[in-house]
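Peer 1: got a predicted structure here, sequence first:
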Amino acid sequence: MSDKPQKLSLADRFRQVVAKAIGAKLAYQGSFESAKYSVHRTRVEAPPADDFRREMTESTRKELVRLSRYLEKNNGLYRQMFKDTALYSVGDGITMQSLGGDFEWQSIVEAEWEQECESPEVSGRFSMVECQHIICESLDRD
């Protein structure tokens, strides 16, 4: 063997120079590499995650709710998105199933629940399933 250094190709020499210049390895660095800081990517200046009430003022929230309600009234796709979410979340209705106590107590509680579900709100216009759909849609929209 000779003590003479091997001659590198021009491409290999270029890789070495670039690696020294940026101080990086030319190999796979692992997962989530794009989440780390790099001089080659622009940095998005965003505040760190904080309490929602600190990030959004009351007036901003009201404006977003107003725009969301406007879209629901005037955009069928937007409206259907909430209806589908409510349908998949509530389905045929969220019901109660008593698991505590003896069988007699369970049947009494479940009968009371069924009676309450017939007219769960003051006006008596909506069933429990309809109320659950309305609540789910309003939570998603607002």
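Peer 2: Looks like it arrived, so ask away.

Peer 1: so Phe126 makes contact with Ile134?
Peer 2: Yes - with contact defined as CB atoms under 8 Å, Phe126 reaches Ile134; the gap is 7.0 Å. Bear in mind the C-beta positions are built from the backbone N, C-alpha and C, glycine included.

Peer 1: for this structure, what spans make up the helices?
Peer 2: For the chain, helices defined by DSSP state H occupy the ranges 10-22, 52-55, 58-74, 76-90, 103-118, 128-141.

Peer 1: quick one: which of those is nearest Val39?
Peer 2: Closest to Val39 of the helices of the chain, according to CB to CB: helix 10-22, at 7.2 Å.

Peer 1: about what we covered before: out of the helices of the chain, which one sits most buried?
Peer 2: helix 128-141 (a mean of 16; mean count of other CB atoms under 10 Å).

Peer 1: which helices and strands does that helix pack with?
Peer 2: When contacts are defined as 3 or more CB pairs under 8 Å, 6 or more residues apart in numbering; DSSP states H and E, helix 128-141 packs onto helix 58-74, helix 76-90, helix 103-118.
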